[in-house]
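In: What follows is a predicted structure for the sequence shown.
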Amino acid sequence: GGQDRRLTYWNDVYGIDMKSMRGPIELELTSEAQVEKFDDSSIVTNRVKLVGYDLNCCTDNELDFEVPFRLDTKDGLAHQKIDVFVVSFDIDFDHNCTKPISFSTGCQSTTTHWYQTVLWLEPSVAPTLISSKGEAIVGVFKMSRNITNPREI
């Protein structure tokens, strides 16, 4: 669950109900990816690998992808609203290296200067999971380069 202070703040602003501000903030959050440091204790599902690349030989066209995914809930959680997907990457520098180096940008790892990419779900479609064993979110993740700036996704 990603109950964000940017949303709950508007419920009571110094004693004033300003929930009407929540709509514009939700629109801003769900319209594009956010780069943030996300707390691992807020993650309610397992972590899955979406795609892998060999950066020594992958092509530009391979960077656009669509893959099925399944996120299983962690054991022992009560009702959880899933309002974000948290995306990160792991990297291994091990090709012809005398000392291979690996690190993860996932929130379960030591923080680097790369944070996570947070993709907010529209509140009307964000699922509420009853975290009983075997409950999962199943879907298709699609990512492609921006047509006007191919360095953006």
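Out: Looks like it came in fine. Predicted model, so just to flag it, every value in this text is computed and none were measured.

In: From the chain's centroid, how far away is the top helix by length along the chain?
Out: In the chain, assigned by DSSP state H, the helix with the most residues is helix 22-31. Distance of helix 22-31 from the chain centroid (C-alpha atoms, centre = their mean, to the nearest Å) equals 16 Å.

In: For Pro150, give me its contacts.
Out: Asp60 (C-beta atoms under 8 Å, 6 or more residues apart in numbering). Placement of C-beta: from N, CA and C, glycine included.

In: measure it to Phe89 for me?
Out: Applying C-beta to C-beta, to the nearest Å, the value for Pro150 to Phe89 is 18 Å.

In: same question, Leu63
Out: Taking C-beta to C-beta, one finds Leu63 at 12 Å from Phe89.

In: Give the next helix or strand downstream of the helix or strand of the chain with the lowest mean pLDDT.
Out: Least confident helix or strand, the chain: strand 128-129 with a mean of 62, by mean pLDDT, DSSP states H and E. Using DSSP states H and E, the helix or strand that follows strand 128-129 towards the C-terminus is strand 136-143.

In: Return the set of buried residues in that following strand.
Out: By neighbour count on 16 or more other C-beta atoms under 10 Å, the buried set for strand 136-143 is empty.
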